[in-house]
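Student: Mind folding the following:
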Amino acid sequence: MSNPAEKDMTRHGIARLGIITALIVVLDQITKLIITRTLPLHESIPVIDGFFNLTHVLNPGGAFGVFAQAGPGVRYFFFIGVSLVALGLVFYFYRTTPRSHPVLGAAFALIFSGAVGNLIDRVRFGVVIDFLDFYVKGWHYPAFNVADSAITVGICICVYHFLFNKLP
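Tutor: Numbers count the residues shown, from 1 in each chain. Got it, this is the predicted structure:
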């Protein structure tokens, strides 16, 4: 990377990752702070009756509660380790994404940002704070948060790109 233009592109790319990560992490952590300070654990506030509540829950496991029954020490080290490996991989994918694919780069930045947001919870609390609760009648989608949303949107963009290769 001796070409000055390549170095500039790398700095620009890292700055973009930093900005997206900062925005997502700040939004994620502020919303979690608001929930923890205003809504008692396991309490709900209906937002759209019969469809969406704000519900304060703690997720000790991974996505969809995976490993939730494992001991706290096992979960702590497992999820922090997995998160760090995932962050490293996503950062690599972000750095190696051609600049001709800015939407794919943004997708990796969203995944990275969401992973950072949830890792902060894991380090601080040993669990992830979730609060977005969508449901229909008695069926509830697992509660999630802003970081989870960023990861999901990023993954959907990546899947679309890899299946159809139509994103810039």
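
Student: Where is the longest helix in this protein?
Tutor: When every helix of the chain is counted residue by residue (DSSP state H), the longest turns out to be helix 4-38.

Student: Now do the helix or strand that that helix is followed by: everything it contacts.
Tutor: Per DSSP states H and E, the first helix or strand lying C-terminal to helix 4-38 is strand 44-48. By Cβ atoms under 8 Å, 6 or more residues apart in numbering, the residues outside strand 44-48 that reach it are 39, 52-56, 133. From N, CA and C alone the C-beta is placed, and that goes for glycine too.

Student: buried subset of the residues you listed?
Tutor: By neighbour count, with 16 or more other Cβ atoms under 10 Å, the contacts of strand 44-48 hold 53-56, 133 as buried.

Student: Show me where the protein has its helices.
Tutor: For the chain, helices defined by DSSP H occupy the ranges 4-38, 72-96, 102-125, 146-164.

Student: since we're on the nearest residue to residue 93 once chain neighbours are set aside, how many residues are nearby?
Tutor: What sits nearest to residue 93 in space, not counting adjacent residues and going by Cβ to Cβ, 6 or more residues apart in numbering, is residue 108, at 5.1 Å. Other residues within reach of residue 108, judged by other Cβ atoms under 10 Å, total 25.

Student: Start the count at 803 instead of 1 going forward.
Tutor: Happy to do that; since the first residue is 803 now, the last one works out to residue 910.

Student: and residue 910, how far is that from residue 963?
Tutor: Distance, residue 910 to residue 963, by Cβ to Cβ, to the nearest Å: 10 Å.
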